[in-house]
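**Student:** 3D, please:
(one chain, ligands or ions: 1)
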Amino acid sequence: MDQTAAVPAQQSAAAGAPVPAASLSGLAFSKGHGTGNDFVLIADPGDAHEISPEQVAQLCDRHRGIGGDGLIRAVPSRYLPEGRDLLEQDASAGWFMDYRNGDGSLSEMCGNGVRVFVHFLIAQGLVELGPGQSLTIGTRGGIKKIVRTADGYAVDMGPWEFIFPTEAQSKAMDALVSADGLEVARPGLSVSMGNPHTVVALAELGELAATKLFTAPVVDPKPANGTNVEFVVPAEPLVHDGVGTITMRVHERGVGETQSCGTGACAAAVAIRHWAGSSAPNAWHVNVPGGVVDVRFFPGEDGREHVELSGPAVIVASGTLS
Ligand SMILES: N[C@@H](CCC[C@H](N)C(=O)O)C(=O)O
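**Tutor:** Numbers count the residues shown, from 1 in each chain. The predicted structure follows:
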């Protein structure tokens, strides 16, 4: 028998190429999640571990690996070119969230991941952060400021943008989205939270439940680097005590359906508020299969409107790779 076929756990889920599994042997990891969006976490204070896309896919494999929607490596910003650029803007952004999707691909940003990343840094003793205190970190989507709250973390995710600005502002939709379980293609609105999203409104929760997300929805036109797709149902009534409520399911680029997506929740709130018009609130509860996250719009110090994402972060286990 071919040697590679005899050791399937050493095969790459992404590319089918053999992975030198021994190279990560003995590496300490933790497993954490934010509202069910789960991650393998690795502390790499000396930038000693280059983890290939194939190895990320192997570690995130739910049957043959640890399992996760993505992998986060905690590395000092000074070791990465993109981290050094951020340190020139803000010398306090000492830790960098090196995030990968479960298939090994890179994404600019992960909203749930930021909270879990900071919780991991604290659990590892790499930073100290008490309730009410703030921390600044580097990500491929820029510098993010995180405040520890009584029951989790609040992240300034920065400004949002329409991906196709002219169409979005004039027509309120810029794409047609098809998915298994939906009889006809639906209008979508494409929003960047650093990473790309396309948001689709559905009429009621039964329709949301009937939407099948085993395969990626088809988005036309698709943003240049692909997109995460959020299907959203507004609550009835939409606003209660000044806070809007929406329910969302998501198909993530590079992952598949996940229990939650922080940047997706922000993009969904952007789109629903845009569709609801000028009387829509700036505070939103977003129900996802894995829990609830909160989204708030506020004026940033750069003169642009920013989005704040709040929610819990949990570390569930720690171990060593065999
Ligand atoms: N789950 C994340 C988003 C992760 C990245 C996404 N799959 C992409 O490719 O952009 C979140 O909580 O934001």
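
**Student:** Am I right that G142 is in contact with G194?
**Tutor:** Yes - if you go by CB atoms under 8 Å, G142 and G194 touch, sitting 6.6 Å apart. Where you see a C-beta, it was placed from the backbone N, CA and C, and this is true even at glycine.

**Student:** and those two? which has more neighbours close in?
**Tutor:** Shown here are G142 and G194; by other CB atoms under 10 Å, G194 has more neighbours (21 against 18).

**Student:** Check that one and give its pLDDT.
**Tutor:** According to the prediction, G194 has pLDDT 97.

**Student:** Could I get the contacting residues of it?
**Tutor:** Contact partners of G194, counting by CB atoms under 8 Å, 6 or more residues apart in numbering, are 108-109, 139-142, 157-158, 263.

**Student:** so how far is E183 from the closest residue to it other than its chain neighbours?
**Tutor:** Leaving aside its chain neighbours, G194 sits nearest to G141 (3.0 Å; criterion: CB to CB, 6 or more residues apart in numbering). According to CB to CB, to the nearest Å, G141 stands 36 Å off from E183.

**Student:** and those two? which has more neighbours close in?
**Tutor:** Ranked by neighbour count (other CB under 10 Å), G141 and E183 place G141 first, with 21 against 8.

**Student:** in terms of contact, does the more buried one touch G158 like I think?
**Tutor:** Yes - G141 lies in contact with G158 (CB under 8 Å); the separation is 7.2 Å.

**Student:** Pull up the residues of the stretch 151-300 of the chain that are close to the ligand.
**Tutor:** Counting by CB under 6 Å from any ligand atom, the stretch 151-300 of the chain comes close to the ligand at 195, 228, 252-255, 258, 261-263.

**Student:** and with 8 Å instead?
**Tutor:** Contact residues (CB under 8 Å from any ligand atom) of the stretch 151-300 of the chain with the ligand: 193, 195-197, 226, 228, 250, 252-255, 258, 260-266.

**Student:** how about the helices in the stretch 51-200 of the chain?
**Tutor:** For the stretch 51-200 of the chain, the helices defined by DSSP state H, counting those that start in this stretch cover 53-60, 81-89, 111-123, 165-171.

**Student:** rewinding a little: list the contacts of the residue nearest to G194.
**Tutor:** Contact analysis of G141 by CB under 8 Å, 6+ apart lists 108-109, 158, 193-195.

**Student:** Phi, psi for it please.
**Tutor:** Note on G141: its backbone torsions stand at phi -90, psi 20 [degrees, to the nearest 10].

**Student:** cool, and A313?
**Tutor:** phi -150, psi 140.

**Student:** Need the overlap of contacts for G141 and G158.
**Tutor:** Common contact partners of G141 and G158 (CB under 8 Å, 6+ apart): 193-194.

**Student:** State the phi and psi torsions of the residue nearest in space to the middle of the chain.
**Tutor:** Nearest to the centroid of the C-alpha atoms of the chain, with distances taken as CA atoms, centre = their mean, sits C110, at 2.9 Å. For C110, the backbone dihedrals (degrees, to the nearest 10) come out as phi -150, psi 110.

**Student:** so what's it closest to, chain neighbours aside?
**Tutor:** Closest residue to C110 apart from its sequence neighbours, by CB to CB, 6+ apart: Y99 at 4.8 Å.
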